[in-house]
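Asks: From the sequence below, what's the structure:
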Amino acid sequence: MKRYKKVFQIILALGMVVIGAWHFTSPEPFEKIVPAFLPYHLALVYISGFLEILGGVGLLIPQVSRSAAWLLAVLFIAVFPANLYQAINNIEVPALPHDPPLIWLRLPFQALLVAWAWWFTRE
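Replies: Numbers count the residues shown, from 1 in each chain. Below is the predicted model:
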């Protein structure tokens with residue numbers, strides 16, 4: 001099981017680095033789903049992208065991987081309102097299929113991401 005856990009840790013790490021980098025190379029789709037009541041949409045997109053990259057890289061460094069996993073778990077919870085805002089307002093995001101049922105299915109997937117990151121906080 002330990003071997004599989006390491007593989008899943010690497011997959012999550014690489015995914016977070018890629019998605020985090022995407023926040024910088026193409027921030028517009030992410031800005032669209034930041035809830036309207038929050039200020040500084042672009043800054044929030046950059047901050048979340050930076051934290052995703054930091055968490056992804058951190059997962060690959062044994063000395064800080066547990067802290068990085070906690071960071072990602074909290075981050076996945078923190079960005080949940082953006083996913084909910086997208087679903088409620090039926091906001092189309094390029095590079096993602098725009099089908100309202102699929103948008104709503106992203107919400108439970110967010111819980112899976114929290115659990116996935118939490119798994120790496122355990123010995």
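Asks: For residue 73, see how far away residue 93 is.
Replies: Distance, residue 93 to residue 73, using CB to CB, to the nearest Å: 23 Å. Every residue, glycine included, has its C-beta placed from N, CA and C.
Asks: now do residue 97
Replies: Noted for residue 97: a distance of 26 Å to residue 73, by CB to CB.
Asks: Between these two, tell me which one has more neighbours.
Replies: More crowded of residue 97 and residue 73, by other CB atoms under 10 Å: residue 73, with 20 against 8.
Asks: What mean pLDDT does stretch 3-10 get?
Replies: Computed over stretch 3-10, the mean pLDDT rounds to 93.
Asks: Show me what counts as buried in that stretch.
Replies: For stretch 3-10, a neighbour-count test (16 or more other CB atoms under 10 Å) marks residue 9 as buried.
Asks: Mind listing residues that contact it?
Replies: Stretch 3-10 is touched from outside by 59, 60, 65, 116, 119, 120, with contacts defined as CB atoms under 8 Å, 6 or more residues apart in numbering.
Asks: go on, stretch 65-78?
Replies: Residues contacting stretch 65-78 (CB under 8 Å, 6+ apart): 9, 12, 16, 48, 51-52, 54-59, 61, 110, 113-114, 117-121.
Asks: Helices of the protein, residue ranges please.
Replies: 2-25, 28-32, 41-59, 65-78, 80-89, 100-119 (DSSP state H).
Asks: List phi and psi for residue 99.
Replies: phi -140, psi 110 (degrees, to the nearest 10).
Asks: Give me the pLDDT for it.
Replies: 81.
Asks: To what extent is it buried, counted in neighbours?
Replies: By other CB under 10 Å, the residues close to residue 99 number 10.
Asks: what sits against it?
Replies: When contacts are counted by CB under 8 Å, 6+ apart, residue 99 touches no other residue.
Asks: how about 10 Å then?
Replies: Listed by CB atoms under 10 Å, 6 or more residues apart in numbering, the contact set of residue 99 reads 92, 105.
Asks: ok, now the one 4 residues further on?
Replies: By CB under 10 Å, 6+ apart, the contact set of residue 103 is 33, 83-84, 86-93, 96-97.
Asks: which of those residues are buried?
Replies: 33, 83, 84, 86, 87.
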